[in-house]
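Visitor: coordinates for the following, if possible.
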Amino acid sequence: MSNFTIPVGPLNVALEEPMYFKVDVHGETVSHVDIHAGHVHRGIEYLVTKRNVFQNLVLTERICSLCSNSHPQAYAMAIEQIAGLTVPPRAEYMRVIADEIKRVASHLFNVGVLAHLVGFESLFMQVMEVREMMQDVKESMFGNRMDLGAHVIGGVRFDINDESIEYLRAQLDRIAPAVAEITHIYNTNGSILGRTRGIGVLSHADAVDCSVVGPVARASGINYDVRVKAPYSAYDRLEVPVHVLPDGDVWSRAMIRLQEVATAIDILRQCLADLPGGPTSCTAERPSIPVGEAIGKCEAPRGELIYYVRMTDSPKPERVKWRVPSFMNWDALTFMMKGAKIADIAIIVNSIDPCISCTER
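Guide: Below is the predicted model:
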């Protein structure tokens, strides 16, 4: 068999964003992968130092579409630590509601694209139809289908009334059985199982060495979820099971996401049942932010998202640094792709749910 190198990208079928892979193959089997990034570098870590603390809530939300709620959330948590602000209980529950709504939509998008890459177009449309129900929730409750604009320093900018609560409950009642049906298909359908079981395997040891996070880590047997290990917002008052599978293949990563969708629906129901009264922000005025530094982290749909913020006597941050899940996860592709077939490259790449815009900031 011949040895040769094939280019994959920077535009490819598994990603909406540009990323270039130089893949060495022996026949049709991948022997080595080089990952080349940097196509969408926007200099956002520089831009946040040119805007004040409050303007950066808008900017950080536009770093990524599917994780758009998590970036301002982690950023706000860091600023609140510096300022010594205590978020009201109702606002903490509202943050969880926004967080889990985004998680459902993000995970369904990824498993839907997997069906598309497998060639199961009817399943792709079925998953996206269910996701569209949650997109309707976002548009109805927040006025936007992607960037929710939910956060302010010290709380949230939105509130829900009895009518909104009943609407959300009704939507969850529609989504839950549809997700259960989709999960059954991924568990039993030969087309899905044949293309995903044993494909793109990341062992537990390699997952630890690569420091992967999120569903990628949990699919390889790593029991880590920020919502449980370092609870924030109202997660310490909610039941949040951590789903873990041992095999570390493409199928396991998809199943973890589907299980987490069902868990997110349950968390949303818990929030609606236990939602406390009171204000949605700890202050009516913009708070003064003193000199200091802090770290905020949360469990974004793709995994642990960490923000470091340092403030001086300027209204603008001196430094904002974030570590995103995709930065940790895409190095693992070199392990997942080794020994894989060329036809499986797109499926394996999609299985880590990479966000290029998050990483190339």
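Visitor: Thr359 versus the spatially most central residue of the chain, what's the distance?
Guide: For the chain, the residue nearest the mean C-alpha position is Pro301 (2.2 Å; C-alpha atoms, centre = their mean). Remark: distance between Pro301 and Thr359 (C-beta to C-beta, to the nearest Å) = 15 Å. All C-beta spots, glycine's among them, are computed from the backbone N, C-alpha and C.
Visitor: shaky segments in this protein?
Guide: Within the chain, the stretches with pLDDT under 70 are 1, 12-16.
Visitor: in it, which spans are strands?
Guide: 3-8, 20-26, 29-36, 151-152, 155-156, 292-300, 303-311, 317-323 (DSSP state E).
Visitor: sorry, back to before: from Ala176, how far off is the residue nearest to the centre of the chain?
Guide: Pro301 is 18 Å from Ala176, by C-beta to C-beta.
Visitor: same deal with Ser357?
Guide: The gap separating Ser357 from Ala176 is 31 Å, by C-beta to C-beta.
Visitor: that older thread, out of the strands of the chain, flag the one nearest Leu57.
Guide: Of all the strands of the chain, the one in closest proximity to Leu57, counting by C-beta to C-beta, is strand 151-152 (6.0 Å).
Visitor: what lines up beside that closest one in the sheet?
Guide: strand 155-156 (antiparallel) (DSSP bridges).
Visitor: touching the partner strand from outside, list them.
Guide: Val87, Pro88, Ala91, Met94, Arg95, Ala98, Ala150, Pro279, Thr280, Ser281, Cys282 (C-beta atoms under 8 Å, 6 or more residues apart in numbering).
Visitor: ok, Glu139 - contacts?
Guide: Arg145.
Visitor: an error on my part: the question was meant for Gly112.
Guide: Leu123, Phe124, Val127, Met128, Arg131.
Visitor: ok, now Val118?
Guide: Val118 makes contact with Ser191, Ile192, Arg195, Thr196, Ile347, according to C-beta under 8 Å, 6+ apart.
Visitor: so in this structure, which helix runs the longest?
Guide: helix 89-118 (DSSP state H).
Visitor: next, the angle from it to strand 292-300.
Guide: 50 degrees (axes from the mean of the first three to the mean of the last three C-alpha atoms, to 10 degrees).
Visitor: Val8 bridge partners, please.
Guide: Phe21.
Visitor: follow-up on the earlier one: could you dump the contacts of Val118 to TSV with distance to Asn144?
Guide: Shown next, in TSV, are these (distance: C-beta to C-beta, whole Å):
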residue	distance to Asn144
Ser191	35
Ile192	32
Arg195	35
Thr196	33
Ile347	31
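Visitor: including neighbour count, could those go into a markdown table?
Guide: Putting the contacts of Val118 into a markdown table (neighbours: other C-beta atoms under 10 Å) gives the following:
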| residue | neighbour count |
| --- | --- |
| Ser191 | 13 |
| Ile192 | 21 |
| Arg195 | 20 |
| Thr196 | 25 |
| Ile347 | 22 |
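Visitor: so which of those residues are in helices?
Guide: Ser191, Ile192, Arg195, Thr196, Ile347.
Visitor: got a markdown table for the contacts of Gly112, with neighbour count too?
Guide: Shown next, in a markdown table, are the contacts of Gly112 (neighbours: other C-beta under 10 Å):
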| residue | neighbour count |
| --- | --- |
| Leu123 | 21 |
| Phe124 | 18 |
| Val127 | 27 |
| Met128 | 16 |
| Arg131 | 23 |
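Visitor: flag every buried residue along stretch 219-227.
Guide: Ala219, Ser220, Gly221, Ile222, Tyr224, Asp225, Val226, Arg227 (16 or more other C-beta atoms under 10 Å).
Visitor: give me the distance between the two termini of it.
Guide: For stretch 219-227, the first-to-last residue distance is 17 Å (C-alpha to C-alpha, to the nearest Å).
Visitor: kindly report the same for stretch 332-348.
Guide: 10 Å.
Visitor: buried ones in it?
Guide: For stretch 332-348, by 16+ other C-beta under 10 Å, it's Ala332, Leu333, Thr334, Phe335, Met336, Met337, Ala340, Asp344, Ile345, Ala346, Ile347, Ile348.
Visitor: and stretch 173-183, which residues are buried?
Guide: Within stretch 173-183, the residues that count as buried by 16+ other C-beta under 10 Å are Ile175, Ala176, Ala178, Val179, Ile182, Thr183.
Visitor: hmm, back to that, next, give me the two most distant ones among the buried residues of stretch 332-348.
Guide: So, the buried residues of stretch 332-348 by C-beta to C-beta: farthest apart are Phe335 and Ala346, at 17.2 Å.
Visitor: helices of the stretch 251-361 of the chain, residue ranges please.
Guide: 325-329, 333-337, 345-351, 356-359 (DSSP state H, counting those that start in this stretch).
Visitor: among those, which is nearest Gly143?
Guide: When the helices of the stretch 251-361 of the chain are compared by C-beta to C-beta, helix 356-359 sits nearest Gly143, at 22.7 Å.
Visitor: still on that earlier bit, any chance of CSV for the buried residues of stretch 332-348, columns distance to Val30?
Guide: Converted to CSV, the buried residues of stretch 332-348 look like this (distance: C-beta to C-beta, whole Å):
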residue, distance to Val30
Ala332, 14
Leu333, 10
Thr334, 10
Phe335, 11
Met336, 10
Met337, 5
Ala340, 5
Asp344, 8
Ile345, 7
Ala346, 12
Ile347, 12
Ile348, 9
